[in-house]
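[1] structure for this input, please:
(chains A and B)
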Amino acid sequence: MKEEDFRVRAAPSPTGRVHTGNLRTFLNNFLFAKSTNGKYILRIEDTDQKRKVEGGIEAIVETLGLYNIEFDESPLKGGGYEPYIQSQRLDIYKKYAQQLVEKDCAYYCFCTQERLQSLREQDERSTYDRHCRDLNEEEVKNNLDEKKPYVVRMKFPLDGVTEFRDEIYGTIKVKNSEVDDQVLLKTDEYPTYHFAVVVDDHLMDITHVFRGREYLSQTPKNVFLYDSLGWERPKWVHTPHLLNPDGVGKLSKRKGAMSAVSYLRKGYLPDAVLNYLALCGWAPKGDVAKQDEIYTVQELIELFSIDRMKKSNARYDENKLNHMNSKHVRNMGLEKLTEYVFHWAENLVLKNFIADEYDESEDWEKELKQDVKKYLPLWKENEEYFKKALNLEFERITYLAELPKALDFFYKKELTWSDEDWNTKNHSKKEIADALENILPKLENIFGNEEYSHEKWEEVVRGYADELDWKHGDLFLAVRSATTGRLKSPPLLESFEIMGWEKVKTFLKQAINWLRS
RNA sequence: GCCGCCAUCGUCUAGUGGUUAGGACAUAUGAUUCUCAAUCAUAAAACCUGGGUUCAAUUCCCAGUGGCGGUACCA
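    Numbering: from 1, shown residues only, chains lettered A, B, ... in the order given. Just a heads-up that it's a prediction; the model follows:
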């Protein structure tokens, strides 16, 4: 088979949610499809009516779109294998279920839920006792005529071994006695996952089935169905899990997973998130790997191959994600970054997504929204000014959500302080106020006349510190708190250049008043 | 319990039948510096245990231990 004939699919439930873990599965499929020039299909698996959610499809497509992950075929755009929603394919499953019954590979089961329940109560570890496996034709016919509710179960071989190949794990063997007579068609005539996935993957010509490793030991059920129906097996690619940072359990929201939209809102770049996720459980070959591990999506596509995927689970590590994001932010260049920040503020932070209806937004998101609403008009008012300010801050942040606070002193008309914003270890508030009052005219002298230079500025501060017999650092820190409202900031001279002397002077005066009150 | 899978620094990983076991994150120290960050340099840090096979095993085999997953009319 030629690579361009490869077809992979993502098969989510329509919960509308895309979180860290399944974003990684979407990504694996995507990288494989792109790297082989194959097709990427979205199919919705909504066979559990109890958990059905309306409208989640748009949310998923929208979210992935934000990461530039597009589908070649989907329920929304079609593609020649319709329908792409399992609940609209019920008659298809029914047809093949009947075929399996005719081939004696499946059977009608009339056991009630209550009976199954009591079986389980007797022995928690028991599987279905195959009570209906050998009903004779007449019994089945009678039951059907009486309109007894039924399910269709697969007639899985009682002994022997099922063997199949996984592209990552190699040959897997499972004793058939370990496998239950899995329900294929439920009472409500919906298929179960194991049945629908086989029928659809076959009918949609899926060549590579990427899915979580939790399905590995259940794959014999699929193998049985492919073989019974006389269909060619696809290549299975079971991928290891992303674990919580503490290594306990699959990554969960409570322990650090975020929704795919939230990452972008927080100001992680799509490429950075994908860069990080791709490197969990996969690594390029040693001789083509980059030492710093920073890759664009394009590079990942070029390097991707299944045989480089790991077998073991990986833990989620926010530190590394943060590091990668700050690298990607710095690599972007000021021009592109400025553009992206505006895009981020307008189209990611302030905009409401369909996905938001399915995921409760967190406190920081609400706060961020308010901050951005407040500052964005100011940022846009003077793009050159913004760019200069951003230039001083962008390598001090790890994600864009830090920007409103990081840049605030460039935009505020008044600063406010609290006691923690001052270094009072060596000097009292009164001493600091006096010092500021005295240094103000000295600064006015250089900045007011546009005669400043790095040397002069340093000379003024250091000179006056000597005069006061202060440590130089203490005086710089005092000026810093007064003019930026905090103890940590970009270099002062560069900041003043952007803010302009009038603003700096105003803040200095405000600070003196605050210190004295 | 039973079944399946996995096992290199704290974390993500590279790599090998003979290597000073490499990189990245995090950590520590130093340089730089008006603070923070960035940058640079340095340090500490790993082949799960026990048996085989072999001249030689972290690497191959087996067992144990540990971890993850499955054992649904959920996916």
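
[2] what does the stretch 401-517 of chain A put close to RNA strand B?
    A:458, A:472-473, A:476-477, A:480, A:487-494 (CB under 7 Å from any atom of the strand). C-beta coordinates here come from the backbone N, C-alpha and C atoms, glycine included.

[3] the same query, at a cut-off of 6 Å, please.
    Residues of the stretch 401-517 of chain A lying near RNA strand B by CB under 6 Å from any atom of the strand: A:472-473, A:476-477, A:480, A:487-493.

[4] for those residues, work out which two are farthest apart.
    Across those, no pair lies farther apart than A:His472 and A:Pro490, at 18.3 Å, counting by CB to CB.

[5] ok, the two, which is more surrounded?
    Using other CB atoms under 10 Å as the criterion, A:His472 and A:Pro490 rank with A:Pro490 on top: 20 against 14.

[6] helix, strand, or coil at that one?
    With DSSP: H, G, I helix; E, B strand; the rest coil as the basis, A:Pro490 sits in coil.

[7] what does A:His131 give?
    coil.

[8] count the residues that sit near it.
    14.

[9] angles on the backbone of it, please.
    The phi/psi pair for A:His131 (degrees, to the nearest 10) reads phi -50, psi -40.

[10] ok, A:Glu459 next?
    Per degrees, to the nearest 10, the residue geometry at A:Glu459, taken as phi and psi, is phi -60, psi -40.

[11] next one: it from RNA strand B, what distance?
    According to CB to the nearest atom of the strand, to the nearest Å, A:Glu459 stands 11 Å off from RNA strand B.

[12] circling back: now the residues of the stretch 401-517 of chain A next to RNA strand B in TSV, with pLDDT?
    Shown next, in TSV, are those (pLDDT from 0 to 100):
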residue	pLDDT
A:His472	92
A:Gly473	93
A:Phe476	96
A:Leu477	96
A:Arg480	97
A:Leu487	94
A:Lys488	95
A:Ser489	96
A:Pro490	96
A:Pro491	96
A:Leu492	96
A:Leu493	94
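
[13] which of these lies closest to A:Asn244?
    A:Asn244 lies nearest to A:Lys488 out of these, by CB to CB, at 31.8 Å.

[14] measure stretch A:204-217 end to end?
    In stretch A:204-217, first residue to last residue: 24 Å (CA to CA, to the nearest Å).

[15] same check on stretch A:100-107?
    The straight-line separation of the ends of stretch A:100-107 (CA to CA) is 8 Å.

[16] stretch A:97-110 now?
    Terminal-residue distance, stretch A:97-110 (CA to CA): 15 Å.

[17] and for stretch A:237-248?
    24 Å.

[18] how about that stretch and RNA strand B, any contact?
    Yes - interface with RNA strand B: stretch A:237-248 contributes A:241, A:247-248 (CB under 6 Å from any atom of the strand).

[19] how about stretch A:215-229?
    Yes - using CB under 6 Å from any atom of the strand, stretch A:215-229 comes into contact with RNA strand B via A:216-218.

[20] name only those of those that count as buried.
    A:Leu216 (16 or more other CB atoms under 10 Å).

[21] how near is A:Cys111 to RNA strand B?
    Computed as CB to the nearest atom of the strand, the A:Cys111 to RNA strand B distance reads 6 Å.

[22] my read is that that residue contacts A:Arg130, right?
    No - A:Cys111 is not in contact with A:Arg130 according to CB atoms under 8 Å; the separation is 9.8 Å.

[23] show me where the stretch 1-150 of chain A has helices.
    For the stretch 1-150 of chain A, applying DSSP state H, counting those that start in this stretch gives helices covering A:20-36, A:56-66, A:90-102, A:113-122, A:137-145.

[24] buried stuff in the last one?
    Spelled out, it's helix A:137-145. A:140, A:143.

[25] got it, and the second one?
    Applying a neighbour-count criterion of 16+ other CB under 10 Å, one finds A:56-64, A:66 buried in helix A:56-66.

[26] for the stretch 51-200 of chain A, which residues are neighbours of RNA strand B?
    By the rule CB under 6 Å from any atom of the strand, the part of the stretch 51-200 of chain A lying against RNA strand B is A:51, A:112-113, A:116, A:125, A:127-128, A:151, A:169, A:172, A:174-175, A:178, A:180, A:183, A:186-187, A:192-193.

[27] just the buried residues from the residues of stretch A:237-248 next to RNA strand B, in PyMOL please.
    To isolate the buried ones among these in PyMOL, judged by 16+ other CB under 10 Å, type:
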select buried, chain A and resi 241
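
[28] put the alpha carbons of stretch A:272-284 into CSV.
    The C-alpha trace of stretch A:272-284 is given here as CSV (Å, rounded to 0.1, in the frame of the first residue of the first chain):
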residue,chain,number,x,y,z
ALA,A,272,4.9,24.8,22.1
VAL,A,273,2.1,22.6,23.5
LEU,A,274,2.4,20.2,20.5
ASN,A,275,6.2,20.2,20.8
TYR,A,276,5.9,19.1,24.4
LEU,A,277,3.2,16.6,23.9
ALA,A,278,5.0,15.0,20.9
LEU,A,279,8.0,14.4,23.0
CYS,A,280,6.1,12.5,25.6
GLY,A,281,6.4,8.9,24.4
TRP,A,282,8.3,9.7,21.2
ALA,A,283,11.7,10.9,20.3
PRO,A,284,13.5,11.4,17.0
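
[29] what's that stretch in contact with?
    By CB atoms under 8 Å, 6 or more residues apart in numbering, the list of residues contacting stretch A:272-284 from outside reads A:20, A:23-24, A:27-28, A:31, A:67, A:239-240, A:242, A:260, A:263-264, A:289-290, A:293-297, A:300, A:303-304, A:308-310, A:312-314, A:316, A:320-321, A:324-325, A:327-329.

[30] go again using 6 Å as the cut-off
    A:24, A:27, A:240, A:242, A:263, A:295, A:297, A:300, A:303, A:308-310, A:314, A:321, A:324-325, A:328 (CB atoms under 6 Å, 6 or more residues apart in numbering).

[31] do stretch A:68-84 as well
    Contact partners of stretch A:68-84, identified using CB under 6 Å, 6+ apart, comprise A:30, A:39-44, A:57, A:61, A:85, A:89, A:204.

[32] what pLDDT, on average, does that stretch get?
    In this model, stretch A:68-84 has a mean pLDDT of 96.

[33] go on, stretch A:365-384?
    So the average pLDDT for stretch A:365-384 ends up being 96.
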